[in-house]
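Asks: sharing a sequence plus its predicted fold:
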Amino acid sequence: MNTMSTEGIRIGVFASALSADPRITARTAREIGFAGVQFDAVSFGIDLTTLSGSGRRELRGILAAQDRELIGLRADAGSKGLGLGADVDRVIDKLVKVMETAVGMGSPLVCVELGPLPPALVIEPSGPEPTALQAGLILLPERLKEPAKPPREPAPPPDPAFVSQRPGFVRVDRTRASRGSVSLVWNRSGSRFGPA
């Protein structure tokens, strides 16, 4: 019987799922068996982006004392994300600050709850199916005839107000490129998520 080996698999946990106090979080993570902890960059208990260098070292020391790792920071772009009506410059400045904090703390990952994006356009293939004569020697299986679909309305162009905010995305990508030691993960759904 061939069983999959779990050796080498390490699992982390959100700090907010355990406690608002980093000391309790680190101790509980060790007791439960989590290898690392992901902290919210800004939470009710602590704002990591405002910590001094010694404060950041102290947090790392708390984790090290329990033999746990800092596996990432999490940031939220707000209810509007980078969509219509959002203050994109404020959101991007916040994300830049979180990435700088991640670099200062030696965090390898920043996870961003990006918020809602406009739905992707669905474009159905157009044109008639090839006939047997057009297909040549290829044998085509018989297809069940489906009721004719009404002609589909052409997809509307993207909202210009949303597209005009594209420079914000470019600025964040350039920031990521300049921070070679930190990976940036976007989350487009409205749900919470864990480290990639």
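Replies: Yep, that arrived.

Asks: mind listing the strands for the chain?
Replies: Ranges of strands within the chain are 12-14, 36-40, 69-76, 109-113, 183-187, based on DSSP state E.

Asks: looking at these, which is closest to residue 53?
Replies: Of all the strands of the chain, strand 69-76 sits nearest to residue 53, with 15.1 Å by Cβ to Cβ. Bear in mind the C-beta positions are built from the backbone N, C-alpha and C, glycine included.

Asks: which outside residues touch that closest one?
Replies: Applying Cβ atoms under 8 Å, 6 or more residues apart in numbering, the external contacts of strand 69-76 come out as 12, 14, 35-42, 48, 59-60, 63, 94-95, 98, 101-102, 105-113, 115, 195.

Asks: buried ones in that strand, by neighbour count?
Replies: For strand 69-76, the neighbour count (16 or more other Cβ atoms under 10 Å) marks 69, 70, 71, 72, 73, 74, 75, 76 as buried.

Asks: turn the residues you listed into TSV, including distance to residue 21 and pLDDT.
Replies: Conversion of these to TSV gives the following (distance: Cβ to Cβ, whole Å; pLDDT from 0 to 100):
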residue	distance to residue 21	pLDDT
69	18	90
70	16	90
71	18	91
72	19	90
73	17	91
74	17	90
75	21	90
76	21	87
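
Asks: for the residues you listed, which one is nearest residue 120?
Replies: For the buried residues of strand 69-76, the residue nearest residue 120 by Cβ to Cβ is residue 76; the value is 22.6 Å.

Asks: quick one, helices of the protein?
Replies: Per DSSP state H, the chain carries helices over the ranges 22-32, 53-65, 88-105, 132-135, 160-163, 166-178.

Asks: by contact count, what packs against the longest one?
Replies: For helix 88-105, the packing partners by 3 or more Cβ pairs under 8 Å, 6 or more residues apart in numbering; DSSP states H and E come out as helix 53-65, strand 69-76, strand 109-113, helix 166-178.

Asks: again, 10 Å this time
Replies: With contacts taken as 3 or more Cβ pairs under 10 Å, 6 or more residues apart in numbering; DSSP states H and E, helix 88-105 sits against strand 36-40, helix 53-65, strand 69-76, strand 109-113, helix 166-178, strand 183-187.

Asks: with that, I have no additional questions.
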